[in-house]
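sequence and computational prediction follow.
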Amino acid sequence: MPALCRDCLTQFDDGARCPACRRPRITRHPELFQLSIAHMDCDAFYASVEKRDKPELADKPVIIGGGRRGVVSTACYVARIRGVHSAMPMFQALKLCPDAVVIRPRMQLYADISRQIRAMMEDLTPAIEPLSLDEAFLDLTGTARLHGQPPAVMLARLVKRMRDELGITGSIGLSHNKFLAKVASDMEKPHGFSVIGQAETADFLRDKPVRMIWGVGEATQSALDSAGIRTFSDLLRWEQRDLIARFGAMGNRLWHLARGQDARRVASDAPVKSISNETTFAQDTADPDLLDGHIWRLAEKVADRAKAKEKAGRVVTLKLKRADHKLVTRRQSLRDATQMADVIYRNARALFDQTEHKSPYRLLGVGLSELCGAEAADLSGDLLDPQARARAQAERATDQIRQRFGDDAIVKGRALR
Amino acid sequence: MKLSIERGTLLKAVSQAQSVVERRNTIPILANVLIEAEGSEVHFRATDLDIEVVDKAPAQVERAGATTVSAVTLHEIVRKLPDGALVTLTDDGANGRLSVTAGRSQFNLATLPKEDFPVMASSEYSSNFTADAPVLRRLFDKSKFAISTEETRYYLNGVYMHVAEADGGKVLRCVATDGHRLARIDADLPAGAEDMPGVIVPRKTVGELRKLLEDDDTKIAVSVSETKVRFAAPDITLTSKVIDGTFPDYTRVIPQGNTRKMEVDASEFAAAVDRVATVSSERSRAVKMQLDEDRLILSVNAPDSGAAEEELAVAYGDERLEIGFNAKYLLEIASQVDRENAVFLFNSAGDPTLMREGNDTSAVYVVMPMRV
């Protein structure tokens, strides 16, 4: 069976260890060298960056988030073992893990590193679809001749470069479509390399819960539950037209996914209409500080994705779902398109303050729409906030210098610590 | 209640009332106008709970009384009646209908009880003064374009009217800004206004106020308290809550050290900006200004739709300068200039630019440049 050593990139057929370097980090799969759609997901990205910069934290539980925001952005694997996960209120996380080191996110630094990872991915293929700062789909179909190596080797080389040059680890999912690639990247985290081939797709999916489909959240899940659909094999029993009749466009997609089919392209240029993130709370909450924390975290995420896609938006939306499932959405048009987390947060927060809070909330979402290119973003300064102008100017100047002399030409002082 | 009133007089009174009324209302009575007839006068009162307007009009009152009907419907009817018609409004108080008759037309409108109509509580005004309509017109007309529509900074959603210290002593000053541009307009301080508290007059009130100021000879009685402002013309009284917030310290926004001076004919400048901006379909059209000795080149470069350039003769003697602005903002401030040349004072391409009319410092505008 074809196998690949992820440490020295040797390709071989037999043995539990690499014949060349004798190390055991092996990926083995009959279709390993035929598959070409991949999903790369950095492992606990923000936390890994912080650990890289402060080696003394390596074996400590690290939580990114906090300040007065009070919500976990990212937790490192040490903290995850103790039950901490992202979107968890900070006080709860600290209860589980009182010795955790809490670090405020340094978004600019993470964006810089993301840009470097992006540049490495661009050496592999132009067909990259970033989902956020720390994950992306890559389509390497037809690149084997160009690189002289099959996609699997190039992907293993990518994560090796990320680790060697940036000190960041990532996990790869390799399959024959985006859905399965994303599923695969999550199977062996951290520092994993998982493969789902054509031949095993049906077997693989059969007993998996439909919840693992990206985009199936609480609401879809409860609709599926009431139709008696829990696993993919439940889905297979449905006729295509019945699924469509019951679930609309989602039904059609489910029918195809149940068969391991996903025809979506890996498209860096797919027209994006809006960027939004939302979170459903484990427990309904009316705590303004906690909700504020979520607004900030989601605003950051949205800005993050906007930057990754080189987009900016003219409308900020806030979505709230009350305990009784009543949905409240508020929108604010901006004079000037933005991709800044600060601006998105400020507007979403103002929308939140203007909302009449009748009951606790079960869900909160922040979005950016009426998108345009990043070059049209944050063009005019604010007379009343001269600081904002100075910050934006500094950031733009930095970008220009990097564009001309490379990413290392200018680095923020705090990134050197 | 029964009264007869000339159609033109009625139309004027009702149109002011219906513009105050909010189009979408959850409280039905707020869609109505309160009609009160007594003596030889009829009062039309409308409110959105933030603004209240009362119109007085002469009428032949046969039977005193009061009722409320839909302001929009009454306005539509009166608008469609022939000019010069005599309109009779009758409410017998029994069947909950107001009858509107004019010539051979007759309408019956549903009414709501007058007792339900919310009348704005009268308050103590700490400052009362009289101003000529043209003075107020200038103060608000020249500043209102800069009012912000952004609800996140609600305290910018109006014109800040206050007493300020200028070179020649105290002035009555109106300031509006949306963070991208700012207008600061001064007028001589009317007697009695010295102790006026500064108030933020909401955008809608500014729009309604404008209708009181059409006639040059009108004297407006202005009353101001911490929470309310009242403008009274002989026939119309407009009372409004003011925005409950603190207007930012605008003085630090107005550049003091801008020395690079350009003088240009305002209307020629505006026309040229308008022309070059045509090629860009972007919502925020950026116009680049390239200044050289006595020469200004305006240009727009929109990669998707085209490019345009126009040269203008200006008075400029400083170093070469390239600076970009939102075309709309430039047009708006240029159109405020009505007598003399527009004088622009620049600092650098990233700093706020100041504009005024000739050497007149009683109206100054600040606009933030744009990256081009």
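Now that the structure is in, tell me what you want to look at.

pretty sure A:Ala3 sits against A:Pro30.
No - at 10.3 Å, A:Ala3 and A:Pro30 do not qualify as touching, with contact defined as CB atoms under 8 Å. Glycine gets a C-beta too; all of them are placed from N, C-alpha and C.

where does the stretch 51-200 of chain A dip in pLDDT?
Regions of the stretch 51-200 of chain A meeting the criterion pLDDT under 70 cover residues A:66-69.

let me see the ranges of the helices in it.
A:77-81, A:90-96, A:107-122, A:144-147, A:151-161, A:178-185 (DSSP state H, counting those that start in this stretch).

which of those helices is buried the deepest?
Stretch with highest mean neighbour count among the helices of the stretch 51-200 of chain A: helix A:178-185 (a mean of 24; mean count of other CB atoms under 10 Å in any protein chain shown).

more neighbours, A:Ala3 and A:Pro30?
A:Ala3 (20 against 13; other CB atoms under 10 Å in any protein chain shown).

any idea how far A:Asp289 is from the residue in the stretch 51-200 of chain B positioned nearest to chain A?
In the stretch 51-200 of chain B, the residue that lies nearest chain A is B:Thr152 (3.6 Å; CB to the nearest CB). Going from B:Thr152 to A:Asp289 by CB to CB, to the nearest Å gives 20 Å.

ok, now B:Ala164?
Where A:Asp289 is concerned, B:Ala164 sits at a distance of 40 Å (CB to CB).

more neighbours: which of these two?
Taking neighbours as other CB under 10 Å, B:Ala164 and A:Asp289 compare with B:Ala164 leading, 17 against 14.

next structured bit after the strand or helix carrying that one?
Using DSSP states H and E, B:Ala164 falls within strand B:158-166. The helix or strand immediately downstream of strand B:158-166 is strand B:169-177, counting by DSSP H and E.

okay, now the sheet partners of the next helix or strand after that next one, with direction.
Where DSSP H and E defines the elements, the next helix or strand beyond strand B:169-177 is strand B:181-188. Sheet pairing for strand B:181-188, assigned by DSSP bridges, gives strand B:169-177 (antiparallel), strand B:360-367 (antiparallel).

is the helix or strand following strand B:181-188 positioned near chain A?
Sequence-wise, the next helix or strand downstream of strand B:181-188 (DSSP H and E) is strand B:199-202. No - on the criterion CB under 8 Å from any CB of the partner chain, strand B:199-202 is out of touch with chain A, staying 14.4 Å away.

wait, A:Asp134 sits on A:His39?
No - applying CB under 8 Å as the test, A:Asp134 and A:His39 come out as separate, 11.6 Å apart.

between these two, who's got more neighbours?
A:His39 (28 against 24).

list the contacts of the more buried one.
A:Glu135, A:Ala136, A:Phe137, A:Leu138, A:Ile172, A:Gly173, A:Lys178, A:Ala181, A:Lys182, A:Ala184, A:Ser185 (CB atoms under 8 Å, 6 or more residues apart in numbering or on different chains).

nearest to B:Pro352, out of the strands paired with strand B:181-188?
strand B:360-367 (5.0 Å; CB to CB).

kindly calculate the angle that that closest one makes with strand B:158-166.
Angle, strand B:360-367 to strand B:158-166, by axes from the mean of the first three to the mean of the last three CA atoms, to 10 degrees: 140 degrees.

any idea how the chain splits into domains?
No chain in the question, so chain A it is. A:1-199, A:202-258, A:274-416 (automatic domain parsing).

my bad, the chain I had in mind was chain B
B:2-116, B:127-252, B:260-367.

with respect to A:Arg115, which of those lies nearest?
Here domain B:260-367 is closest among the domains of chain B (CB to CB), at 23.7 Å.

what about the closest one, average pLDDT?
Across domain B:260-367, the average pLDDT comes to 90.

and if you look at stretch B:185-201?
For stretch B:185-201, the per-residue pLDDT averages 94.

related to what we said a few turns ago, looking at the helices of the stretch 51-200 of chain A, which is closest to A:Arg253?
Taking those one by one with CB to CB, helix A:178-185 is closest: 9.2 Å.

return the residues of chain B in contact with chain A.
B:150-153, B:177-182, B:248, B:253, B:282-284, B:286, B:326, B:350, B:352, B:366, B:368-371.

can you tell which of the domains of chain B is closest to A:Val72?
Nearest of the domains of chain B (CB to CB): domain B:127-252, 27.2 Å.

mind checking how far that closest one is from the chain centre?
Between the centre of domain B:127-252 and the centre of its host chain there is 9 Å, according to CA atoms, centre = their mean, to the nearest Å.

what do you get for stretch A:272-285?
With CA atoms, centre = their mean, you get 14 Å for stretch A:272-285.

who in chain A is up against chain B?
A:314, A:332-337, A:346-347, A:350-351, A:354, A:376, A:379-385, A:389, A:393, A:396.

which members of these are classed as buried?
Those of the residues of chain A next to chain B that meet the buried threshold are A:314, A:332, A:334-337, A:346-347, A:350-351, A:376, A:379-384, A:389, by 16 or more other CB atoms under 10 Å in any protein chain shown.

which non-adjacent residue is nearest the residue in the stretch 251-400 of chain A positioned nearest to chain B?
In the stretch 251-400 of chain A, the residue that lies nearest chain B is A:Ala350 (3.6 Å; CB to the nearest CB). Of all residues beyond its chain neighbours, the one nearest A:Ala350 is B:Thr152 (3.6 Å), with distances taken as CB to CB, 6 or more residues apart in numbering or on different chains.
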